[in-house]
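**Q** Coordinates for the following, if possible.
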Amino acid sequence: MDFDLYEPTKVALECFINRMPKGAILVFDELNTKNFPGETEALLEVVGIKNLKLLKTNYDPYISYAIL
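**A** Prediction:
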């Protein structure tokens, strides 16, 4: 997801998360960054951090992903 902002990220998560099968991958371009806190806030609210194991890529320090 590359929305940067809270509201579009929240809407997308609410629309997609229940339709994503086990093994689906959620990818965020700026999760847990000070400049764009909206993605993180929406993820915490809709999915909850305890329900995901967040991983980082080796190529970009801002990109995070989770396998459902």
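
**Q** Which helix or which strand is home to residue 13?
**A** Secondary structure from DSSP states H and E places residue 13 in helix 6-16.

**Q** what about that helix, distance to the chain center?
**A** Centre-to-centre, helix 6-16 and its host chain are 10 Å apart (C-alpha atoms, centre = their mean, to the nearest Å).

**Q** do stretch 22-41 as well
**A** Stretch 22-41 has its C-alpha centroid displaced from the chain centroid by 3 Å (C-alpha atoms, centre = their mean).

**Q** How about stretch 33-44?
**A** Relative to the centre of its chain, stretch 33-44 is centred 9 Å away, using C-alpha atoms, centre = their mean.

**Q** Let me know how buried residue 64 is, in neighbour terms.
**A** 22 (other C-beta atoms under 10 Å). In this view, the C-beta of every residue, glycine as well, is placed from N, C-alpha and C.

**Q** now swap in residue 39 and tell me
**A** Residues near residue 39, counting by other C-beta under 10 Å: 26.

**Q** ok, so what distance separates it from residue 21?
**A** 22 Å (C-beta to C-beta, to the nearest Å).

**Q** list the contacts for the residue most central in space within the chain?
**A** Central residue of the chain (C-alpha atoms, centre = their mean): residue 28, 4.7 Å from the mean position. Counting by C-beta atoms under 8 Å, 6 or more residues apart in numbering, residue 28 touches 1, 2, 39, 43, 63, 64, 65.

**Q** Show me how to select, in PyMOL, the buried members of these.
**A** Per 16 or more other C-beta atoms under 10 Å, the buried members of the contacts of residue 28 correspond to this PyMOL selection:
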select buried, resi 1+39+43+63+64
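
**Q** Tell me the one among the contacts of residue 28 nearest to residue 54.
**A** residue 64 (5.0 Å; C-beta to C-beta).
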